[in-house]
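>>> Predicted model, plus sequence, below.
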Amino acid sequence: AAVLNESGPPVGVAGLPEFHDRNAGLEFARERKIHTAVALLGGQEESSLPEVTRKYGHAFTGMIFAPPISPWCKLGSGVGVLDGWHTIRVSQGLTRLAPRVLKRCGDLLIAVAMFLTLAPMMALIAVAIKLTSSGPVFFGHPRIGKHGAPFRAWKFRTMVKNAGAHLAERLAADPELLAEWRCNHKLRKDPRVTKIGALLRKTSADELPQLWNVIRGEMSIVGPRPIIAEEVGRYGEFFHDYARVRPGITGLWQVSGRNAITYQERVQMDTHYVNHWSLWLDLYVLSRTLRAVFSGHGAF
């Protein structure tokens, strides 16, 4: 089989050869005696199902059409046919009481179990922070939660004392650093981060105190990344989706590259999670969380 993709950049499907030019694709198919084509459909009329069939149907004995949907739609969705129309059914799980109760019970069970199990390690981290830098062990950062309610997301302190003043001084002296900060509100080489803090961030261990936020009902184990008040405007119309649920310790953003992805992609992932939630989606995120933590990909 070969992939026909006229509507976008290369995507890579199961290691199959991929073509963006009609003539090159047809020539390759003839030479290699390829009988099946996988056509990626875009939003443009020239890449619609009827048009692709007209252009390529004579050259292949079978064609598989892939509509432009999110790769996570297979979790909690189904494909069917309705009066001749091919359809994709997406379940709005978090609009029903039973799934919300199930999710909350799961949050409490996991959070309490992890809190008790990891208590000795958390105590060692607290001692290491206290011995290596001045300041408190914990840091509560103001965040926006469910229904837009503010709360403090707790973390192990990873920055130097008076970090805000230190950052302002560095940003004023470095235009490139200032531009990076304005773009993502994060820095790849943050001058405020301590040596212990860098290790905690690399492994995401700095977020373990957020288990207390989960127990208190302010956060969930899996959910959108908790945002600060200044980010509400950047979410725009999608803030309504964000505010429907509790933000999470982990989520699609964290297991999909974390800071290596753009802010707009992060918003899209948060919105997708809320509108396509299922128990299987949570299990998918949890199964990839450890892999993302240990690889450290995209973390800083």
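That came in fine, so what should we check first? Residues are numbered from 1 along each chain as shown.

>>> what's the helix or strand for the residue nearest to Val232 when sequence neighbours are not counted?
Excluding its sequence neighbours, the residue lying closest to Val232 (Cβ to Cβ, 6 or more residues apart in numbering) is Phe239, at 5.5 Å. Bear in mind the C-beta positions are built from the backbone N, C-alpha and C, glycine included. For Phe239, the host element (DSSP states H and E) is helix 239-242.

>>> who's in contact with that helix?
Applying Cβ atoms under 8 Å, 6 or more residues apart in numbering, the external contacts of helix 239-242 come out as Ile144, Gly148, Pro224, Ile227, Val232, Tyr235, Asp270, Thr271, Val274, Asn275.

>>> Adding distance to Thr203, neighbour count and pLDDT as columns, could you present the residues you listed in CSV?
CSV is the format used below for the contacts of helix 239-242 (distance: Cβ to Cβ, whole Å; neighbours: other Cβ atoms under 10 Å; pLDDT from 0 to 100):
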residue, distance to Thr203, neighbour count, pLDDT
Ile144, 26, 22, 96
Gly148, 31, 12, 94
Pro224, 22, 27, 93
Ile227, 23, 21, 93
Val232, 29, 14, 92
Tyr235, 28, 20, 90
Asp270, 23, 25, 89
Thr271, 28, 19, 86
Val274, 27, 20, 87
Asn275, 31, 17, 81
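
>>> Show me which of those residues is closest to Leu118.
Pro224 (23.6 Å; Cβ to Cβ).

>>> how near is that closest one to Arg32?
Relative to Arg32, Pro224 is positioned 45 Å away (Cβ to Cβ, to the nearest Å).

>>> Ok, Thr117 next?
For Thr117 relative to Arg32 (Cβ to Cβ), the value is 54 Å.

>>> now do Trp181
Trp181 is 51 Å from Arg32, by Cβ to Cβ.

>>> and Gln268, how many neighbours does it have?
Neighbours of Gln268 under the rule other Cβ atoms under 10 Å: 16.

>>> what bits of the stretch 1-150 of the chain have low per-residue confidence?
The model of the stretch 1-150 of the chain has pLDDT under 70 over residues 1-15, 17-18, 20-22, 25, 37, 40-59, 63, 66-92.

>>> What are the boundaries of the helices in it?
22-32, 49-56, 97-132 (DSSP state H, counting those that start in this stretch).

>>> which residues does Leu178 contact?
Neighbouring residues of Leu178 by Cβ under 8 Å, 6+ apart: Leu171, Ala172.

>>> give me that answer again for 10 Å
Counting by Cβ atoms under 10 Å, 6 or more residues apart in numbering, Leu178 touches Arg170, Leu171, Ala172, Leu187.

>>> Likewise for Tyr235?
Ile144, Pro224, Ile227, Asp241, Tyr242, Ala243, Tyr263, Arg266, Val267, Asp270, Thr271.

>>> rerun that using 6 Å as the cut-off
By Cβ atoms under 6 Å, 6 or more residues apart in numbering, the residues touching Tyr235 are Tyr242, Val267.

>>> does it count as helix, strand or coil?
helix (DSSP: H, G, I helix; E, B strand; the rest coil).

>>> follow-up on the earlier one: output the contacts of helix 239-242 in CSV, with distance to Asn213 appended to each entry.
Shown next, in CSV, are those (distance: Cβ to Cβ, whole Å):
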residue, distance to Asn213
Ile144, 13
Gly148, 16
Pro224, 14
Ile227, 14
Val232, 19
Tyr235, 20
Asp270, 17
Thr271, 22
Val274, 19
Asn275, 24
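
>>> Show me which of these is closest to Gly164.
Using Cβ to Cβ, Ile227 comes nearest to Gly164 of the contacts of helix 239-242, at 18.4 Å.

>>> Kindly state the beta-bridge partners for the closest one.
Beta-bridge pairing of Ile227, defined through DSSP bridges, involves Ile144.

>>> Make 12 the starting number, not 1.
Got it, the first residue is 12 from now on, which makes the last one we talked about Ile238.

>>> hang on, isn't it packed against Ile155?
Yes. Applying Cβ atoms under 6 Å as the test, Ile238 and Ile155 come out as touching, 5.4 Å apart.
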